[in-house]
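Visitor: A structural model of the following input is requested.
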Amino acid sequence: MSNLNAVTLNGDATALADDAVTQLRAEFDGDVITPEHRDYDDARRVWNGEIDRRPALILRCRHAGDAATAVRFAARHELLTAVRGGGHNVGGLAVCDGGLVIDLSPMKGIELDAGQRRIRVDAGVTWAELDAATQKVGLAVPGGVVSTTGVAGLTLGGGIGWLRRAFGLSCDNVRALDVVTADGELRTLDARHEPELFSAIRGGGGNFGVVTRFEFDCHPVGPDVMFVAAFYPSEQGVDVLKRYRAFTETAPDAVSSFAICGTIPDEPDFPTELHGRDYVLIAACYAGEAETGARTLQPLRELGTPMHDMSDVMPFVDVQQLLDGDYPEGRHYYWKSLYMTALSDDAIEQVLSLAGERPSSLTTVDIWHLGGAMARANSGDTAFEHRAPEYLLGIESNWDDPRESDTNIDWTRQTCERMGAYAEDRGYLNFEPIDAEAIDKTYPQGYRRLRALKAQWDSKNLFRMNHNIKPG
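Guide: Numbers count the residues shown, from 1 in each chain. A predicted model of the protein is given here:
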C-alpha cells in the first residue's frame, strides 16, 4: 500500500504513511475503508443524493473504543473529520472530501429498562429501531417524523417530532451521554458529571464530541394513537390555514400537528383522479387515549371539504413511518427554515402563493405548530434556545433529477428570503444547510458560552463538519 493522500483541518494536503494506517488497523476492531476498498462507494454514500463527497478514510466503528481510537487518530494527524450516525442530515454533514469519516452506523446496541422508563441506545440506532423496542411495552421517546433518521443527529440538533408538544424535544429527554471528546477520552456525562458540557451537547449539533451512546426518558404512548391526515384542495388553502391557526391557539399539549402544502403523487394510496393535484394537508398526532384523540382532532377534519382523508386510529410505529416513503435515500434535498412568532393572514397568503411556485412537485412548504412541553423546558438545560416561537416554517425542496439542482436550490433560498418578513429568526439546525454566518443567530443567548466551552473541549476545532461553533 502506498501513502494515503488526505486533507488536514486547515485544508492542506497531507500523506498518511503506510505504517500509520497499518498501526491503525491493528488498534481498530471495525472496518478500515480506503478508496480502493470494495465497499468504499457504499460507505461514503449518504441519504441526500445531492451530496457526493470522497473521504480519504472511513472508519466503521463496532464499539465506543473504536470511536475513541478514531478520534485519537484524527487528532494526531489533524485530519478533517466528519461523524456519521444515520447519515440522514440534509446538509450532508456525515461525510467530507479528503478527510476522515468516523462511521458509527454499525453500533446498534439497545437496552430498555421498562420499569424505570429509560432506554439506552448506541449512536448507530435509527428511530425505527428505537420505536420497535419501546412500543413493545407501550413507551416512546420523542423523535422526528421520519423513522429512517438516525437517533444521534436528530437529537444533537434538537429533535422536533410527533411528540414535541406532549413531551418536548429529543434533546430534552436525554438523561446521560457517553461521548468521546477531542482528546480521545470516553466520558459519561449527565446533570452531575460535566453538566456544562452535557448541556452544550444537547442541541449543540455535534460540535463538542462524538456521542457513542444516549440514555433517554421514555413516556407512555400507544401502542395505538389517533392520527389525522386530511388533504384539502389548495383552493381552500386560505380558509383552511386560518381555521387551523385558530385550532392551534387552544390545542392541548397532547396534539402535535403541522400543515403541509404539496402535490399528491401518482401512487396507489391516492385515487387516480387526485394525482397531481395541489393540497394543504393537516397532519396531527394525539399522544394519549385514542378515543379522546379522535374527539379532540375531529375539528381538523372539518376545516373545509377534504378531497381525501386518511385519518384513523393506528399503531404509533405506523405514524412514525408514514412519511418515510416521501424521503427515500438518494433523492436530492435542500431545505431551509424560519421560526415565526405568529401566523398572520398575510403570511398565510404568502405561504400559499410561494407553494404554488414550487419547481418540483416533490417539494413541500410546511407550517409546524410548536409550543407545549418544548416551550416550557428550561432553555438553560440544553443548547436549544428557540422555545418561544409558535410556528416553524419548513421549506423542503426535494427532487430526483440532478440537472434541476440549481433551480430548486435557488427557489428555496428566494422563498426563505421572501418569508423572512414574517419570521422571528433563522431556523432549525436539522433543516438547514451549513451557514457559518448564521450560527450565532441559532444561539442568540448562549453563543459566547458555547464558544468558551468549545475552546475548553475542542480548541483545535476537530469537530467542525457541522453547524460549527468556533472556539472562542
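Visitor: What's the local residue count around the spatially closest residue to residue 471 that is not a sequence neighbour?
Guide: Closest residue in space to residue 471, ignoring its immediate chain neighbours: residue 455 at 3.8 Å, by Cβ to Cβ, 6 or more residues apart in numbering. Where you see a C-beta, it was placed from the backbone N, CA and C, and this is true even at glycine. When neighbours are counted by other Cβ atoms under 10 Å, residue 455 registers 15.
Visitor: Got the domain ranges for this structure?
Guide: 4-103, 110-220+445-457, 224-431 (automatic domain parsing).
Visitor: Out of those domains, which one sits most buried?
Guide: Among the domains of the chain, domain 110-220+445-457 has the highest mean neighbour count (mean count of other Cβ atoms under 10 Å), at a mean of 22.
Visitor: The residue nearest to residue 471 is in what secondary structure piece?
Guide: helix 447-457 (DSSP states H and E).
Visitor: for the record, mean pLDDT for that helix?
Guide: Per-residue pLDDT over helix 447-457 has a mean of 95.
Visitor: Not counting its own residues, what contacts that helix?
Guide: 181-182, 196-197, 200, 204, 207-209, 383, 439-440, 443, 461, 469-472 (Cβ atoms under 8 Å, 6 or more residues apart in numbering).
Visitor: from the residues you listed, which ones fall inside helices?
Guide: Of the contacts of helix 447-457, the ones assigned to helices by DSSP state H are 196-197, 200, 439-440.
Visitor: between the domains of the chain, which one is nearest to residue 465?
Guide: domain 4-103 (4.0 Å; Cβ to Cβ).
Visitor: just so I have it, where are all the helices in the stretch 251-400 of the chain?
Guide: 290-297, 316-321, 345-355, 373-376 (DSSP state H, counting those that start in this stretch).
Visitor: For residue 177, find the nearest of the ones you listed.
Guide: helix 373-376 (19.7 Å).
Visitor: Show the contacting residues for the most centrally placed residue in the chain.
Guide: Centroid-nearest residue in the chain, with Cα atoms, centre = their mean: residue 154, separated by 3.6 Å. Shown in contact with residue 154 (Cβ under 8 Å, 6+ apart): 86, 88, 127, 143-144, 161, 170, 430.
Visitor: And it, which helix or strand is it part of?
Guide: Going by DSSP H and E, residue 154 is part of helix 151-156.
Visitor: Beyond that helix, next helix or strand please.
Guide: Heading C-terminal from helix 151-156 (DSSP H and E), you reach helix 164-167.
Visitor: Tell me how far that following helix lies from the chain's centre.
Guide: With Cα atoms, centre = their mean, to the nearest Å as the basis, helix 164-167 stands 16 Å off its chain's centre.
Visitor: swap in stretch 13-22?
Guide: Worked out by Cα atoms, centre = their mean, stretch 13-22 lies 34 Å from the chain centre.
Visitor: now swap in stretch 223-234 and tell me
Guide: Distance, centroid of stretch 223-234 to centroid of chain: 22 Å (Cα atoms, centre = their mean).
Visitor: same check, this time on stretch 33-45
Guide: 25 Å.
Visitor: can you tell me which residues contact residue 408?
Guide: Taking Cβ under 8 Å, 6+ apart, one finds 332, 334, 359-360, 363, 397, 399 in contact with residue 408.
Visitor: go with 6 Å
Guide: By Cβ atoms under 6 Å, 6 or more residues apart in numbering, the residues touching residue 408 are 359-360, 397, 399.
Visitor: which sections of this protein are below the confidence cut-off?
Guide: The chain contains residues with pLDDT under 70 at 1-2, 379, 425, 435-438.
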